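Chemist: I would like the atomic coordinates for the input below:
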Amino acid sequence: MVIAKKYILTKHFQGVPKRSDLKIVEEELPALQDGEYLIKAEYLSVDPYMRIYISRYPVGSVMIGIQVGKVIESKHEDFPVGRYVVANAGWRTHTIIDGNKGTGRTLVPEYLLPDSNDFPVSTGLGVLGMPGNTAYFGLIELCQPKAGETLVVSGAAGAVGSHVGQIGKILGLKVIGIAGTDAKCKWLREELGFDHTINYKTQDVAVALRETAVDKVDCYFDNVGGEISSIVINQMNQFGRVAVCGSISSYNTDANALPKATIIQPALLLSQLKIEGFVVGRWADRWMEGIEQNLKWLKENKLKYKETVTEGFENMFDAFVEMLHGENTGKAVVKA
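Modeler: Below you'll find the model as predicted:
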């Protein structure tokens with residue numbers, strides 16, 4: 001008999017999530033049926049999208065999220081005991097998955113983590129997971145960068161932003177990252193190779209961007225929205241491209257009192273910009289292409305990553321809120 005612990009939504013988030021919005025309950029799991037396998041969570045992800053997406057689910061649902069779980073029992077030959085699976089299992093300690101249908105949650109496909117001892121399994125939630133593919137497909141497919149162009153990344157010290165900037169450098173771009181602390185900016189420049197950084201809390205972003213992007217901006221990877229994005233979009237070149245990945249500046253804001261930002265339509269029109277929002281699941285049929293390319297770059301030492309690790313399944317809520325407040329550098333994960 002296996003007893004699973006899981007976080008249940010008791011109330012939809014309003015403003016900053018509150019501890020009382022979720023509760024931990026226990027569940028006795030049934031015996032495995034043919035074609036199923038059982039995973040035990042080893043690392044669980046906390047990501048900005050969870051703040052918005054959970055509103056689509058009814059009260060009583062398991063809190064959404066991706067985890068890396070170890071297969072501890074299996075009745076499916078493709079998912080043998082001992083392998084690690086990246087799964088849309090939500091905030092759960094143990095999960096039974098139908099090996100032919102997955103969990104039924106379609107944000108990303110379930111897949112076996114590449115069987116390699118070179119990197120920790122937690123990378124399946126970051127550089128070798130959804131954030132890595134978000135960076136890869138979002139930048140390559142939507143921004144279509146060309147060597148010598150200038151790329152700006154907001155939310156640059158997060159899991160996606162830090163990865164985007166490094167791919168930009170691999171492809172020969174000038175990369176400018178926008179982040180919220182001097183320590184994050186230093187990490188981006190000195191460890192990850194960003195050409196310039198802007199601390200949006202202590203610098204005038206518009207002035208700093210004019211000084212660092214002297215030839216203006218060709219590609220903008222937008223993780224934050226709000227006024228920062230308006231500033232960048234108003235300093236873009238003709239036929240610039242914008243990939244809209246997130247809007248974390250507004251996630252905890254009352255929907256009836258969203259922050260105002262400078263209008264961008266004149267810049268869109270006069271500079272003939274292309275702006276496209278995306279959810280990475282659109283490339284589900286190419287999922288392993290991104291994983292394998294990021295793994296190749298990792299092995300070639302062209303990519304670096306950082307994790308902010310919180311210990312304990314019972315501390316997931318704290319890790320989630322801290323991530324929303326930007327207290328993590330790189331990927332925020334919870335070790336179960």
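
Chemist: where exactly do the strands run in the stretch 201-336 of the chain?
Modeler: Assigned by DSSP state E, counting those that start in this stretch, the strands in the stretch 201-336 of the chain fall at 217-222, 236-244, 274-277, 307-311, 331-335.

Chemist: will you turn those into JSON lines that also has distance to Val160, mean neighbour count and mean pLDDT?
Modeler: C-betas here are computed from N, CA, C, even on glycine. What follows is the strands of the stretch 201-336 of the chain, written out as JSON lines (distance: least, C-beta to C-beta, whole Å; neighbours: other C-beta atoms under 10 Å; pLDDT from 0 to 100):
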{"stretch": "strand 217-222", "distance to Val160": "8", "mean neighbour count": "26", "mean pLDDT": "98"}
{"stretch": "strand 236-244", "distance to Val160": "10", "mean neighbour count": "20", "mean pLDDT": "98"}
{"stretch": "strand 274-277", "distance to Val160": "14", "mean neighbour count": "14", "mean pLDDT": "98"}
{"stretch": "strand 307-311", "distance to Val160": "14", "mean neighbour count": "16", "mean pLDDT": "97"}
{"stretch": "strand 331-335", "distance to Val160": "9", "mean neighbour count": "25", "mean pLDDT": "97"}
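
Chemist: out of these, which comes closest to Thr262?
Modeler: With C-beta to C-beta as the criterion, Thr262 lies closest to strand 236-244 of the strands of the stretch 201-336 of the chain, at 13.5 Å.

Chemist: avg pLDDT for stretch 288-306?
Modeler: On average, the pLDDT along stretch 288-306 is 96.

Chemist: same question but for stretch 143-152, I mixed them up
Modeler: 98.

Chemist: again, but for stretch 70-87
Modeler: 96.

Chemist: ok, now stretch 253-266?
Modeler: According to the model, stretch 253-266 has a mean pLDDT of 81.

Chemist: measure it end to end?
Modeler: 26 Å (C-alpha to C-alpha, to the nearest Å).

Chemist: buried ones in that stretch, by neighbour count?
Modeler: Neighbour counts using 16 or more other C-beta atoms under 10 Å place 261, 264 of stretch 253-266 among the buried residues.

Chemist: can you check stretch 46-66 too?
Modeler: In stretch 46-66, counting by 16+ other C-beta under 10 Å, buried: 46-51, 54, 62-66.

Chemist: may I see those residues organised as CSV, with distance to Tyr7 and secondary structure added?
Modeler: Formatted as CSV, the buried residues of stretch 46-66 follow (distance: C-beta to C-beta, whole Å; DSSP: H, G, I helix; E, B strand; the rest coil):
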residue, distance to Tyr7, secondary structure
Val46, 11, coil
Asp47, 15, coil
Pro48, 17, coil
Tyr49, 16, helix
Met50, 11, helix
Arg51, 14, helix
Ile54, 10, helix
Val62, 7, strand
Met63, 4, coil
Ile64, 10, coil
Gly65, 9, coil
Ile66, 14, coil
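
Chemist: what's the closest of these to Ala156?
Modeler: For the buried residues of stretch 46-66, the nearest to Ala156 is Pro48 (14.0 Å; C-beta to C-beta).

Chemist: what segments of the stretch 51-200 of the chain are strands?
Modeler: 67-74, 84-87, 94-98, 111-112, 150-154, 174-179, 196-199.

Chemist: winner for burial among those?
Modeler: Of the strands of the stretch 51-200 of the chain, the one with the most neighbours on average (mean count of other C-beta atoms under 10 Å) is strand 150-154, at a mean of 30.

Chemist: quick one on the thing from earlier: ok, which of the strands of the stretch 51-200 of the chain comes nearest Ser249?
Modeler: strand 150-154 (8.9 Å).

Chemist: other SSEs contacting that closest one?
Modeler: In terms of contacts (3 or more C-beta pairs under 8 Å, 6 or more residues apart in numbering; DSSP states H and E), strand 150-154 is packed against helix 159-170, strand 174-179, strand 217-222, helix 226-233.

Chemist: for those, which one sits closest to Ala336?
Modeler: Among those, helix 159-170 comes nearest to Ala336, with 18.6 Å by C-beta to C-beta.

Chemist: go through the closest one and flag the buried ones.
Modeler: Neighbour-count burial for helix 159-170, counted by 16+ other C-beta under 10 Å, picks out 159-169.

Chemist: ok, Phe278 - contacts?
Modeler: 137-138, 142, 243-245 (C-beta atoms under 8 Å, 6 or more residues apart in numbering).

Chemist: farthest-separated two in the residues you listed?
Modeler: Farthest apart among the contacts of Phe278 by C-beta to C-beta are Phe137 and Val244. That separation is 13.4 Å.

Chemist: tell me the centre residue of this structure?
Modeler: Most central in the chain under C-alpha atoms, centre = their mean is Pro131, positioned 3.9 Å from the mean C-alpha point.

Chemist: redo the helices and strands packed on strand 150-154 as a markdown table? Include distance to Gly15.
Modeler: Output for the helices and strands packed on strand 150-154, formatted as a markdown table (distance: least, C-beta to C-beta, whole Å):
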| stretch | distance to Gly15 |
| --- | --- |
| helix 159-170 | 24 |
| strand 174-179 | 24 |
| strand 217-222 | 23 |
| helix 226-233 | 16 |
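
Chemist: of all these, which lies closest to Gln203?
Modeler: Using C-beta to C-beta, the helices and strands packed on strand 150-154 put strand 174-179 closest to Gln203, at 9.3 Å.

Chemist: alright, I will stop here.
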